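*Asks:* Model the structure of this input:
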Amino acid sequence: MMHRLPRIGILGGMGPLATADFLAKLTHATAATRDQDHFPVTVESAPQIPDRVAALEGRGEDPLPALLAVAQRLGRAGCDLIAMPCNTAHLWHDALCAGTPLPVLHIADAVAGHLGGACRVGLMGTSATLRSGLYQRRIGNAHEWLLPTDDDMTRYVMPGVAAVKRNQMAEAAELLRLAAISLARRGIDVLVLGCTEIPLALRPGDASVPMIDATDALARATIAAATCLRDRNHGRAG
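*Replies:* Okay, here's the model as predicted:
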């Protein structure tokens, strides 16, 4: 008899290409030999969720009501847990968790499991994510965090992220590569790609240090969480 597998909900659309990338990485992270071994997934790509950076900078609408509405729809669709492939949106993680009974994984927790003994950690992300201290507050001060300079953010990182959203990948790749090289030269041990647009353009080898793709880390953590739910449910059924 085939037991019901947990259903993964993806609260996506921030942006759409990053959501598609997350779904591919979720599939690659699954130990499977046939279609039926994969977890069922419900994806809601909701690009109309208000811009998170604009909201944090006081020039845009609060995205929380839209995030909660999507989470509630995923719950009604039978999902057992939620993953949100957008770093900046995790600044609303606590409020989102308070508004849904489903567990919502945190992307910084997923990244923390890959940092190991790294001392000096470079972090690339949106201006809002970096200013908020999303990773630093969640993971703590066991690591020294190095961020792009204000000049690199203005010249490379934010224009690179915007270029990905416009689907201008060659431009994005060059801008983000320059930002990564600049951070690597400051003596970091590892570089965290803390925006789901960044790994769409930046590739391993673009800088002289190892990179941690937050999207991939979240995909692996999501599969691990779904696997725990599956095993727990099978144990009860047995």
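*Asks:* low-confidence ranges in this protein?
*Replies:* 1-3, 236-238 (pLDDT under 70).
*Asks:* Go through the helix ranked longest in the chain and flag the buried ones.
*Replies:* Longest helix in the chain, counting residues (DSSP state H): helix 214-237. If you call a residue buried by 16 or more other CB atoms under 10 Å, then helix 214-237 has these buried ones: 214-223, 225-226, 229-230. To be clear about C-beta, it is placed using only N, CA and C from the backbone, and glycine gets the same treatment.
*Asks:* what residues go with each domain of this structure?
*Replies:* Here the domain assignment for the chain is 8-107+216-237, 109-214, based on automatic domain parsing.
*Asks:* coming back round to it: now do the longest helix of the chain: distance to the chain's middle.
*Replies:* Its chain's average C-alpha position is 17 Å from that of helix 214-237, according to CA atoms, centre = their mean, to the nearest Å.
*Asks:* so who does the residue nearest to Asp213 when sequence neighbours are not counted touch?
*Replies:* Leaving aside its chain neighbours, Asp213 sits nearest to Pro199 (4.3 Å; criterion: CB to CB, 6 or more residues apart in numbering). Applying CB atoms under 8 Å, 6 or more residues apart in numbering, we find Pro199 in contact with Asp21, Leu193, Met211, Asp213, Ala214, Thr215, Asp216.
*Asks:* Now name the helix or strand holding the first one.
*Replies:* I take that to be Asp21. helix 16-28 (DSSP states H and E).
*Asks:* and that helix, what does it pack onto?
*Replies:* strand 8-12, strand 41-45, helix 198-201, helix 214-237 (3 or more CB pairs under 8 Å, 6 or more residues apart in numbering; DSSP states H and E).
*Asks:* Could you dump those into TSV and include distance to Ala95?
*Replies:* Listed next are these as TSV, based on distance: least, CB to CB, whole Å:
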stretch	distance to Ala95
strand 8-12	13
strand 41-45	18
helix 198-201	25
helix 214-237	19
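*Asks:* The buried residues of helix 214-237 into TSV, with extra columns for distance to Ala108?
*Replies:* Below are the buried residues of helix 214-237 laid out as TSV (distance: CB to CB, whole Å):
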residue	distance to Ala108
Ala214	8
Thr215	13
Asp216	14
Ala217	9
Leu218	9
Ala219	15
Arg220	14
Ala221	10
Thr222	14
Ile223	18
Ala225	15
Ala226	19
Leu229	21
Arg230	25
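*Asks:* which two of these lie the greatest distance from each other?
*Replies:* Maximum pairwise distance in the buried residues of helix 214-237, criterion CB to CB, is 24.3 Å, between Ala214 and Arg230.
*Asks:* circling back to that earlier point, contacting residues around the helix holding Asp21?
*Replies:* Against helix 16-28 from outside (CB under 8 Å, 6+ apart): 8, 10, 12-13, 38, 41, 43, 45, 47, 83, 85-86, 164-165, 167, 196-197, 199-200, 213, 215-216, 218-219, 222-223.
*Asks:* export that helix as CSV, just CAs?
*Replies:* Taking C-alpha atoms only, helix 16-28 is exported to CSV below (Å, rounded to 0.1, in the frame of the first residue of the first chain):
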residue,chain,number,x,y,z
PRO,A,16,9.0,34.0,-11.2
LEU,A,17,12.3,32.8,-12.6
ALA,A,18,13.7,32.3,-9.0
THR,A,19,10.6,30.2,-8.3
ALA,A,20,11.2,28.0,-11.3
ASP,A,21,14.9,27.7,-10.3
PHE,A,22,13.8,26.6,-6.8
LEU,A,23,11.4,23.9,-8.2
ALA,A,24,14.3,22.5,-10.3
LYS,A,25,16.6,22.5,-7.3
LEU,A,26,13.9,20.8,-5.2
THR,A,27,13.7,18.1,-7.7
HIS,A,28,17.5,17.6,-7.9
